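> Pasted the sequence and its predicted model underneath.
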Amino acid sequence: MTIITIDSGFIKLQRKILDWEWYDDIPTKTLFIHILLKANFLDKTWRGVSIKRGEFLTGRKELAKETGLSEQQIKTALNKLKSTQEITIKVTNKFSIIKVENYYSYQDKKNDSNQQTTQPTTNNQTTIKQQSTTTKNEKKEKNEKKVSKFTKPTLKEVEDYNNSRGDLVDSKKFFDYYEAGNWTDQKGNKIKNWKQKLITWEKRSDKPKSDDSFDIVLKEIQLDQFKLK
């Protein structure tokens, strides 16, 4: 979780915002974060107008001035945010009131009373937690890569891949060769990449070229397997 600090407190941004559909839309992302920062934390009244928690009073020109975006960019971004129900807008003849939907998920009311006293500690804890979480995620990804399971191909997959390379080997013989050996190499190790093995077959000068030589290879595999036992 990332914490953005402002003069009167902070808002919370969950890391899952990285997967948000508008995250790579710079104007929309910029405007939405600005809206989160501008929204009222507590209910207020301005010139007789009630502005609730998670809302704020504004206009397109003001938003353009505050964010550096053009008014057209503001209009387009607002429509996008409305279309995905991030915000709703109440329009009057003088101003607009923007409301952040699910505002509680960005700002927890119970934490505001002690923001001033606990913010330094919270920021430090957040930094440590982020580093720890990131490290764990990186380790998890590495472990998942290490234990990636080999899935043996079907004869059809072998034929298709062989055809894409110019049909330089006998697909069925290649498939039967490794199928008989339970998809292990000559040292008894599980094959990691059958496509690479097929490419090796193309380069081998002593690859089986007749049914007799193929039978000899199969017998050699069976003998090697017997020795391993």
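Sure thing, it's come through.
> For Phe32, see how far away Gln14 is.
The gap separating Gln14 from Phe32 is 13 Å, by CB to CB, to the nearest Å. C-beta: built from backbone N, CA, C; applies to glycine.
> what do these two both touch?
Here Gln14 and Phe32 share no contacting residue, scored by CB atoms under 8 Å, 6 or more residues apart in numbering.
> On the three-state scheme, Lys12 is what?
Following DSSP: H, G, I helix; E, B strand; the rest coil, Lys12 is assigned to strand.
> Is it bridged to anything, and to what?
Ile3 (DSSP bridges).
> so how many other residues sit close to it?
Using other CB atoms under 10 Å, Lys12 has 15 other residues around it.
> Show me the domain layout of this protein.
Domains of the chain are assigned by automatic domain parsing as 2-109, 155-228.
> Lowest mean pLDDT across those domains, which one is that?
Between the domains of the chain, the lowest average pLDDT goes to domain 155-228, which shows a mean of 76.
> just to revisit the earlier point, comparing Gln14 and Phe32, which residue is more hemmed in?
The neighbour count for Gln14 versus Phe32, taken as other CB under 10 Å, is higher for Phe32 (22 against 12).
> can you confirm the more buried one is in a helix?
Yes. With three-state DSSP as the criterion, Phe32 is assigned to a helix.
> just checking, it touches Leu81?
Yes. Contact criterion CB atoms under 8 Å: Phe32 and Leu81 qualify, at 5.9 Å.
> intersection of neighbour lists for these two?
Trp22, Ile87.
> Quick one: the strands in the protein, in order.
Secondary structure of the chain (DSSP state E): strands at 2-6, 9-13, 44-46, 49-51, 55-58, 87-91, 96-100.
> Just the helices from this protein, written as ranges.
Secondary structure of the chain (DSSP state H): helices at 26-38, 60-67, 71-83, 115-146, 155-164, 171-180, 194-203, 211-228.
> separation between Asn193 and Ile199?
Counting by CB to CB - Asn193 and Ile199 are separated by 9 Å.
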